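Asker: Okay, here's the prediction I keep looking at, along with the sequence it came from:
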Amino acid sequence: MGYRFRLATIGLLSLVTAIILGSSRGTAQSRAHVYLFRGLADVFSTGMDTLADELNKRGVLATSHSHVDWKSIADKAAANYKSGKEGPIILIGHSLGADAVMEMADYLGDKGVPVALVVPFDSTQSFPAPGNVARVLNLTQRDYAYVRPGPGFRGTLRNVDLSSDQDINHLNIDKSPQLHARVIAEVLAVVGRPPAVLAAPIIAPEPSERGPPVNSTDPVARPQRTPVAAPQPNNSAQIPD
C-alpha cells in the first residue's frame, strides 16, 4: 500500500511539474514579431531596415524582408503563432512592400491568424482591411490608395493623407523620422510598452489628428508650420471600389 501510494505521488508530482514547465516555456517563447517589407528591388525602401533597427534597439523583435518573400514568411509566422512561439504579429511595409503587408494580412486571416497592426507606407493601390486585423495605420500621399473596411472588419482604420506635405514623396516617405516615431509609438502600444521608454521623442498629434478613430482620414502633424484650421475628419466610405 505504501509503495503504491509513493508511486502515485511521484506520478502526480511529475505531471504537475510537466504542466508548469510546459506553461512557462510557452509563455517565455511567445514574443511579438514585427515583419517589415521593402519595395521594388530592395533598393528604395531602406527606411524599413532603419525602422527595424530602431525597434530592435527598443527590445521589440523586428525583421526586414523583400516584398517577394511575403508568402513564405507568412507561412512561418502562422506556424510560429499557432505553436505559441510568437504573437502579436505586426506588419509594416513600403511601396510594393506595403502592398505585400496587406496581402499577407489577408492570407493570415485565411489561416485563422490575427494581426494586431498593419502599417502600409504609400502602397501602390487601395486594399480592403481584412477582418482579422485589429488596427490599420495607412500612411499615404495618394487618395486612391486609401484603405477601406473589408468584409468582417471591426478594427480601427486610419488613413493619414500626406499629399499636402511637400517634404514627403514616394521615395522618402519610409525614411521620415517623424513617421518612424509615430509608428514606433503604435508598435509599443501593441506590445504593451509605454512610449516613455523611447530614446527618441514622440511627436504629439495636432488637434486635427484627434477624432473618431474608426475609418477616418487625417493629416499628419506638422508642428514646425504655422497652425491652420483643422480639416474635418472624413468618416464616409473611403473610396469607391
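Answerer: Received it, and whenever you're ready, just let me know what you need.

Asker: what about the helices in this protein?
Answerer: Applying DSSP state H to the chain gives helices spanning 2-29, 46-57, 70-82, 96-110, 177-191.

Asker: Identify the residues contacting the fourth one?
Answerer: Looking back up the chat, that one is helix 96-110. The contact list for helix 96-110 (C-beta atoms under 8 Å, 6 or more residues apart in numbering) reads 35-40, 45, 48, 67, 70-71, 73-74, 77-78, 89, 91-93, 114-115, 118-125, 127-128, 130-133, 147, 150. C-betas here are computed from N, CA, C, even on glycine.

Asker: And for the third one?
Answerer: Counting by C-beta under 8 Å, 6+ apart, helix 70-82 makes contact with 33, 35, 37, 65, 86-87, 89, 100-101, 103-104, 107-108, 111, 113, all of which sit outside it.

Asker: List buried residues within those residues.
Answerer: Using 16 or more other C-beta atoms under 10 Å as the burial test, these include 33, 35, 37, 65, 86-87, 89, 100-101, 103-104, 107-108, 113 as buried.

Asker: how far away is K71 from A78?
Answerer: Distance of K71 to A78, computed by C-beta to C-beta, to the nearest Å: 11 Å.

Asker: quick one: which of those two has more around it?
Answerer: A78 (18 against 11; other C-beta atoms under 10 Å).

Asker: Look up how far V147 lies from the nearest residue to K111 once chain neighbours are set aside.
Answerer: Nearest residue to K111, sequence neighbours excluded (C-beta to C-beta, 6 or more residues apart in numbering): A78, at 4.6 Å. The spacing between A78 and V147, counted by C-beta to C-beta, is 22 Å.

Asker: go on, L137?
Answerer: 9 Å.

Asker: In terms of neighbours, single out the busier of those two.
Answerer: Neighbour count, other C-beta under 10 Å: between L137 and V147, V147 has more, with 26 against 20.

Asker: ok, now which ones touch the more buried one?
Answerer: Contacts of V147 by C-beta under 8 Å, 6+ apart are 102, 120, 126-129, 136, 138, 157, 159, 238.

Asker: Which residue comes closest to it once chain neighbours are left out?
Answerer: The shortest distance from V147 to any residue other than its chain neighbours is 4.4 Å, reached at N138 (C-beta to C-beta, 6+ apart).

Asker: Who does the one you found form a beta bridge with?
Answerer: N159 (DSSP bridges).

Asker: before we move on, what about P128?
Answerer: Beta-bridge partners, per DSSP bridges, of P128: R148.

Asker: That one reaches G155, doesn't it?
Answerer: No: using C-beta atoms under 8 Å as the test, P128 is too far from G155 to be in contact (11.9 Å).

Asker: In terms of neighbours, single out the busier of the two.
Answerer: G155 (22 against 19).
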